[in-house]
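Enquirer: Next one to model:
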Amino acid sequence: MFGALRASDEFSALVAISHRLGSDPLQVQGPGGNTSLKDDEAMWIKASGTWLAEAGARDIWVPCNVGVLRRALEDGATEPPEMSAIVPADVNPLGLRPSIETAVHAALDWPAVLHTHCVATIALAICRGGPKRIAAMLPDLEVACVPYVKPGWDLAKAIRAAVSPETRVVVLGNHGLVVCEETVGAAEDLLRSVSARLQPAAVRAPVDAAPSLALRLRGTGWHPAPEAITHAVARDPVRLAMALGPTLYPDHLIFLGPGCREGGAELRDAAGAGTLHKILLFAGEGVAVPAAASPSDLALARCLGDVLARVPAGAELTRLTAQDEAALLDWDAEKYRQSLNRAGQ
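Expert: Numbers count the residues shown, from 1 in each chain. Now for the predicted structure:
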C-alpha cells in the first residue's frame with residue numbers, strides 16, 4: 001500500500017512543494033514544519049529532524065500506518081501506539097523516525113496536510129486572543145483555533161476534538177499553521193493565501209548591529225547574529241521588551257534555549273553556559289549567537305526577528321509556562337531532534 005502512494009503524481013507534488021516551503025524562512029525554519037500525503041491506511045510524512053528544504057535532494061520520508069493511529073485516536077488512547085505498529089521496518093530501510101507531529105497529520109482526514117511555522121501566523125498566535133483574531137480575519141474559511149498544547153499525541157487529540165469535516169485551516173496557539181486539502185497543490189495554494197492574509201500592513205524594519213557589538217564579543221566565543229532582522233530585536237525597545245522573558249514558541253526553546261536573556265558584563269559566564277542559552281540580546285547594540293551555532297540555531301535566531309517584526313503594536317503576549325518548557329526539554333522526541341542538531345544533520 002505504501003509503494004503505490006509513493007509512486008503517485010501527488011507524492012511527486014509533495015516533494016516539490018515541501019522543498020519550496022522548506023526554502024522559505026517565513027514558513028519553515030531549519031528542521032521545523034512537516035508535510036504529509038495519505039490514503040485510508042498509508043501515509044508518507046517528513047522524518048523527524050530533517051529539513052523540508054532538502055526534499056528532492058535526499059530521502060526525508062517515512063511510511064506510516066495511518067489506520068493504526070486513527071483507530072487509537074478514535075478509541076481515546078492516552079498514549080500513541082508503539083512505533084513498531086506505526087512504521088513498517090521493511091519499507092523504512094533508512095531507519096528514520098516519523099515527524100513529532102505524525103499523530104497530528106493522522107488526526108486530520110484530508111489526504112494532504114501541510115504544517116508550517118509561518119511567522120505571520122506565529123506573530124498573532126503568541127498574542128492573547130490571537131487565534132480568535134486570526135479566525136476573524138478569515139471569515140470565509142472554517143478555522144479551528146487550538147490553544148497551546150504539547151506537540152505530538154496531546155496536540156493530535158486536541159485538534160481531533162476541535163475540527164469538523166469542513167475544517168481546512170487549524171491555528172495552533174504559540175506554534176503555527178496547519179492546512180488540509182484534497183490535493184497537495186490545493187493545500188499549498190490555501191497555505192499561501194492564508195499566510196498572505198495574515199501579513200500585517202507594515203512590518204518593522206531590520207536594523208544592522210551596532211559596530212560596538214563585534215568589539216564587545218571579540219574573544220568571547222560569541223559572534224553577532226548573521227541577519228539584520230535578528231539585530232533589530234535588540235535595537236528596538238519595543239521588540240526587546242517582547243523578546244525578554246519566557247519562551248514564545250516551541251522551536252525557539254529546542255534550538256536556542258528557554259526564552260531570551262540580556263548579555264552584559266557577565267558575557268563570559270553566559271558563554272560558559274551556552275549549551276542551554278544560544279542567544280543573547282544587547283540593548284541598543286544587537287544580538288549574539290555562539291560561534292559554533294548550527295544552521296538550525298541560526299534559522300531560529302532569524303525567526304525571532306521575523307516574528308517580532310510582525311507582532312501588533314501594544315499586544316499582550318502569551319508564553320510557554322515552566323511546565324510547558326520542561327515537558328518539551330524532557331521529551332525523548334525533542335532530545336532526538338537536538339541530537340541531530342548537535343551532529344549537524
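Enquirer: got the contact list for the residue lying closest to Phe2 once chain neighbours are set aside?
Expert: Counting by Cβ to Cβ, 6 or more residues apart in numbering, Phe2 lies nearest to Pro63, which is 4.3 Å off, once chain neighbours are set aside. (C-beta placed from N, C-alpha, C; glycine too.) Neighbour list for Pro63: Phe2, Arg6, Ala42, Met43, Trp44, Val87, Pro88, Val91, Asn92 [criterion: Cβ atoms under 8 Å, 6 or more residues apart in numbering].
Enquirer: looking at the protein, which helix or strand does the model trust least?
Expert: With mean pLDDT, DSSP states H and E as the measure, the helix or strand of the chain carrying the lowest mean pLDDT is helix 267-272 (a mean of 52).
Enquirer: Going C-terminal from that helix, what's the next secondary structure element?
Expert: Downstream of helix 267-272, the first helix or strand assigned by DSSP states H and E is strand 280-282.
Enquirer: Note down every partner strand of that following strand and its orientation.
Expert: Each strand paired with strand 280-282, and its direction, by DSSP bridges: strand 261-262 (parallel), strand 286-290 (antiparallel).
Enquirer: ranking those strands by burial, who's on top?
Expert: Among the strands paired with strand 280-282, judged by mean count of other Cβ atoms under 10 Å, the one packed with the most neighbours on average is strand 286-290 (a mean of 26).
Enquirer: State the next helix or strand along the chain beyond it.
Expert: According to DSSP H and E, the helix or strand after strand 286-290 is helix 295-308.
Enquirer: quick one, that following helix and strand 286-290 angle?
Expert: Angular relation of helix 295-308 and strand 286-290 on a 0 to 180 degree scale: 160 degrees, by axes from the mean of the first three to the mean of the last three Cα atoms, to 10 degrees.
Enquirer: after helix 295-308, next one along is what?
Expert: The element immediately downstream of helix 295-308 (helix or strand, assigned by DSSP H and E) is helix 322-329.
Enquirer: Which elements pack onto that next one?
Expert: Using 3 or more Cβ pairs under 8 Å, 6 or more residues apart in numbering; DSSP states H and E as the contact criterion, the neighbours of helix 322-329 among helices and strands are helix 250-256.
Enquirer: Kindly recompute the last result at 10 Å.
Expert: Packed against helix 322-329, as judged by 3 or more Cβ pairs under 10 Å, 6 or more residues apart in numbering; DSSP states H and E, are the following elements: helix 250-256, helix 332-342.
Enquirer: Report the backbone C-alpha coordinates of that helix in PDB.
Expert: Taking C-alpha atoms only, helix 322-329 is exported to PDB below (Å, rounded to 0.1, in the frame of the first residue of the first chain):
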ATOM      1  CA  ALA A 322       7.900  26.500  33.000                       C
ATOM      2  CA  GLN A 323       5.900  23.300  32.900                       C
ATOM      3  CA  ASP A 324       5.500  23.500  29.100                       C
ATOM      4  CA  GLU A 325       9.200  24.100  28.800                       C
ATOM      5  CA  ALA A 326      10.100  21.100  31.000                       C
ATOM      6  CA  ALA A 327       7.700  18.800  29.100                       C
ATOM      7  CA  LEU A 328       9.500  19.600  25.800                       C
ATOM      8  CA  LEU A 329      13.000  19.500  27.100                       C
END
